[in-house]
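Colleague: I would like to see how this sequence folds:
(4 chains)
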2 protein chains.
Amino acid sequence: MLISEYTVEQLERAASMLKAIAHPMRIAILNQLENGKRLTVTQIHETLGIEQSTASHHLGILRDKDVLVAKREGKNTYYSIKHERLNTLIECISTCACE
Amino acid sequence: MLISEYTVEQLERAASMLKAIAHPMRIAILNQLENGKRLTVTQIHETLGIEQSTASHHLGILRDKDVLVAKREGKNTYYSIKHERLNTLIECISTCACE
DNA sequence: AGATCATATCGGCAAATTAACATATCAAAA
DNA sequence: TTTTGATATGTTAATTTGCCGATATGATCT
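Modeller: Below you'll find the predicted structure:
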């Protein structure tokens, strides 16, 4: 079934990605990862001043919804933005909120 | 206080806008309103096949979070996208979800 | 004022989310 | 294999959400 040229599945997938992003701390995380930067859980948790488990939790949500990809390298897991196009979205919402 | 070049308030505002958008039915609504289109509550409720009260509810959420603007004209209330830039965001998330 | 169309709000309940903390797993080094 | 650093998961309970039907408000016409 189609609703407005997209299927229900596509709408749900889009919503779940957006929902993952729609959190102040996760937007802050995404700002840190703009333009292809890669950071570990510890770097995020230290930079943003949040609990390690909280950082991991937020990163996990973003990974599960295909916003970020994780790559384990030794003890560390590096996170980065999965789709180039998402940089546009981050920038867009950040500037929209500043008016 | 600043987190990643944005204030907490800006991050919260961005998150609350995104949260408003992050719902399958509301993304469908925004698709209907792309590129400056204006629609009434009844048009939305009939086009998308949802209850009138549900349509009004979703539109209210989007208006409250500054995603849409409402303009009353006689019996009808016309809704439309508030910031041009949001069209980019809608398109971006819709295409991201189609891969 | 009364009738009718359009929109907004209320009450209720099941379902989904959230935050915070403790704990568990994984990887390398000693 | 024990220890330590790094990351991931589980468990709570409190809050929030979505949807529905019903009802209330607003606007226009007779």
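
Colleague: switch to C-alpha atoms for all contacts and neighbour counts from now on
Modeller: Will do.

Colleague: all helices in chain A, in order from the N-terminus.
Modeller: For chain A, the helices defined by DSSP state H occupy A:8-21, A:24-32, A:41-48, A:52-64, A:85-96.

Colleague: For chain A, what lies in contact range of DNA strand D?
Modeller: Chain A comes close to DNA strand D at residues A:40-43, A:52-54, A:56-57, A:59-60, A:70, A:75-78, as judged by CA under 7 Å from any atom of the strand.

Colleague: Can you say which two of those are spatially most distant?
Modeller: The span of those, defined through CA to CA, is set by A:Thr54 and A:Lys75 at 18.2 Å.

Colleague: quick one, which of the two is more surrounded?
Modeller: Counted by other CA atoms under 10 Å in any protein chain shown, A:Thr54 and A:Lys75 do not tie: A:Thr54 has more neighbours, with 13 against 7.

Colleague: so A:Tyr78 touches A:Lys37, yeah?
Modeller: No. Counting by CA atoms under 8 Å, A:Tyr78 stays clear of A:Lys37, with 9.5 Å between them.

Colleague: Of those two, which one has the most company?
Modeller: Taking neighbours as other CA under 10 Å, A:Tyr78 and A:Lys37 compare with A:Tyr78 leading, 18 against 13.

Colleague: Give me the spatial nearest neighbour of that one, chain neighbours excluded.
Modeller: A:Thr40 (4.5 Å; CA to CA, 6 or more residues apart in numbering or on different chains).

Colleague: close enough to count as contact, the one you found and A:Lys75?
Modeller: No. Applying CA under 8 Å as the test, A:Thr40 and A:Lys75 come out as separate, 9.8 Å apart.

Colleague: Can you tell me the number of residues neighbouring the closest residue to A:Arg13 other than its chain neighbours?
Modeller: Once flanking residues are discounted, A:Arg13 sits nearest to B:Ala97: 5.7 Å by CA to CA, 6+ apart. For B:Ala97, the count of nearby residues is 18 (other CA under 10 Å).

Colleague: show me the contacts for A:Leu86.
Modeller: The contact partners of A:Leu86, taken as CA atoms under 8 Å, 6 or more residues apart in numbering or on different chains, are A:67, B:92-93, B:96.

Colleague: ditto for A:Ile61
Modeller: The contact partners of A:Ile61, taken as CA under 8 Å, 6+ apart, are A:Ala20.

Colleague: Count the residues that sit near A:Ala14.
Modeller: Neighbours of A:Ala14 (other CA under 10 Å): 26.

Colleague: Taking chain A, what residue is nearest to DNA strand C?
Modeller: Nearest residue of chain A to DNA strand C (CA to the nearest atom of the strand) works out as A:Gly74 at 3.2 Å.

Colleague: if we can go back for a sec, just name the closest of the contacts of A:Leu86 to B:Thr47, please.
Modeller: Nearest to B:Thr47, judged by CA to CA, of those is B:Ile93 at 21.7 Å.

Colleague: The closest one against A:Ala14, yeah?
Modeller: Yes. Using CA under 8 Å, B:Ile93 is in contact with A:Ala14, at 5.9 Å.

Colleague: Residues of chain A that sit close to chain B?
Modeller: A:3-4, A:6, A:8, A:10-19, A:21-25, A:27-28, A:31-32, A:48, A:83, A:85-86, A:88-89, A:92-94, A:96-98 (CA under 8 Å from any CA of the partner chain).
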